[in-house]
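>>> Have a look; sequence and predicted model below, questions after that.
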Amino acid sequence: MLSLREVSVRYDGSPALTDVSLDLPDGQVLAVLGPSGSGKSTLLRAVAGLEQSTGTIAWDDRDLTGVPTHKRGFALMFQDGQLFGHLTVAANVGYPLRLRHVPRPRRRERVAELLALVGLAGYERRLPGTLSGGERQRVALARALAVEPRLLLLDEPLSALDAGLRGRLAADLRAILVAAGTTALLVTHDQEEAYAVADRLAVVRAGRLVQEGPVAQVWQRPADPETALFLGYARVLEGAPAAAVLAAAGVGHAGPATVAVRRSALVLAEDGPLSGVVVQARATPDQVRLVVDVDGVGEMDAVAGSAAHPGPGEKVRLRADQDRLSILS
């Protein structure tokens, strides 16, 4: 198990990471999620031993202070893959095994196992330049897994790919890590990628750990309004607007509330308790996405079935789905 206790990093006297404490159980994937400049990559580099830090970074209760990167038993994978362009796929994947003087027959066998695991069986003789971006990242992942690291560190591994490919490869990455039984720490700014790959989330902001826990728990109960908006909630309501939406969802709440609302929390319904006027309407293959000026609430996102055709200026009624709301306070 990886354990961090009050880990801090400073650059030229300025704090980049401050008192971060968290645990990563064996066999699980932790996504460190945060905007650019939040300190998430600094955290990964500190765990790898690439940044000088204070506090304690330990593996199975062994303090790793002073242990150089190459002796920690960790593997790193970066967003550009860093493959050797002049080596074949097999030679790239087998490179760390060759450095460890693994006999050639076993090396060849292990490379075949890994390429099958990442869905690239038969690619042994290809050169990286002939592969797509997603295929190159699969080769980089196979190489990182070659020596069976006790911890795999992934620094924005999918960020260089287009959105569609990134989504598909995120699901594949999750399946590969689970199949290999690999403990991994993933750094990303992409919420969807984190949700697809990880068991646990750690949200970092301005160098501090804001929230950490199982993915579903963090998503359902954000620590504060800023975290809720970063995680993908559409709006945060307070006071009378919050009370109106909670009442429409049939949720009782004593006193003032702060409520995070997902984009699909309000749904068009003929007998809905909320009323408003459509400001914008955009059809998608599955539904119609609306912006509605809701009486007593203000402009809100809402959805309607694909058969509905409300247009700007049309009066509508809405219901609220309590499963798509989060009471922050």
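On my side now, so go ahead. From a predicted model like this one, the values you see are computed outputs, not experimental measurements. Residues are numbered from 1 along each chain as shown.
>>> all contacts plus neighbour counts: C-alpha atoms, from now on.
Fine.
>>> Can you name the element that comes right after the helix-or-strand element of the chain with minimal mean pLDDT?
Using mean pLDDT, DSSP states H and E, the weakest-scoring helix or strand in the chain turns out to be helix 163-180, at a mean of 83. Note on helix 163-180: by DSSP states H and E, the next helix or strand toward the C-terminus is strand 184-188.
>>> quick check: mean pLDDT across that next one?
What strand 184-188 shows for mean pLDDT is 94.
>>> What's the first helix or strand after it?
Following strand 184-188 toward the C-terminus (DSSP H and E): helix 191-197.
>>> Show me the contact partners of that next one.
29, 31-33, 166-167, 170-171, 173-174, 186, 188, 201, 215, 231-232 (CA atoms under 8 Å, 6 or more residues apart in numbering).
>>> Repeat that for stretch 162-173.
134, 158-159, 192-193, 196-197.
>>> Now for the residues you listed: which two are most distant?
Spatial extent of the contacts of stretch 162-173 (CA to CA) is set by the pair Gly134 and Glu192 at 17.2 Å.
>>> Of these two, which one has the most company?
Gly134 (17 against 14; other CA atoms under 10 Å).
>>> which residues touch the more buried one?
Listed by CA under 8 Å, 6+ apart, the contact partners of Gly134 are 161, 165, 169.
>>> Could you measure from the second one over to Ala171?
Leu165 sits at a distance of 10 Å from Ala171 (criterion: CA to CA, to the nearest Å).
>>> try the first one
Here the distance between Leu161 and Ala171 works out to 14 Å (CA to CA).
>>> more crowded one of these two?
Set Leu161 next to Ala171 and count neighbours by other CA under 10 Å: Leu161 wins out with 17 against 14.
>>> Just the element for that one, please.
Applying DSSP H and E, one finds Leu161 in no helix or strand.
>>> I figured it hits Arg136, correct?
No - checked against CA atoms under 8 Å, the pair Leu161 and Arg136 is beyond contact range at 10.6 Å.
>>> can you give me the helices in this structure?
40-48, 89-99, 104-117, 133-145, 163-180, 191-197, 215-220, 225-231, 239-248 (DSSP state H).
>>> Those: which one's closest to Leu17?
Going by CA to CA, the one of the helices of the chain nearest Leu17 is helix 40-48, 7.1 Å.
>>> For the closest one, which helices and strands make contact with it?
When contacts are defined as 3 or more CA pairs under 8 Å, 6 or more residues apart in numbering; DSSP states H and E, helix 40-48 packs onto strand 14-24, strand 151-155, strand 184-188.
>>> Redo those strands as TSV? Include distance to Val259 and mean neighbour count.
Below are the helices and strands packed on helix 40-48 laid out as TSV (distance: least, CA to CA, whole Å; neighbours: other CA atoms under 10 Å):
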stretch	distance to Val259	mean neighbour count
strand 14-24	27	17
strand 151-155	33	23
strand 184-188	26	25
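>>> Any chance of CSV for those strands, columns distance to His309?
Listed next are these as CSV, based on distance: least, CA to CA, whole Å:
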stretch, distance to His309
strand 14-24, 48
strand 151-155, 44
strand 184-188, 38
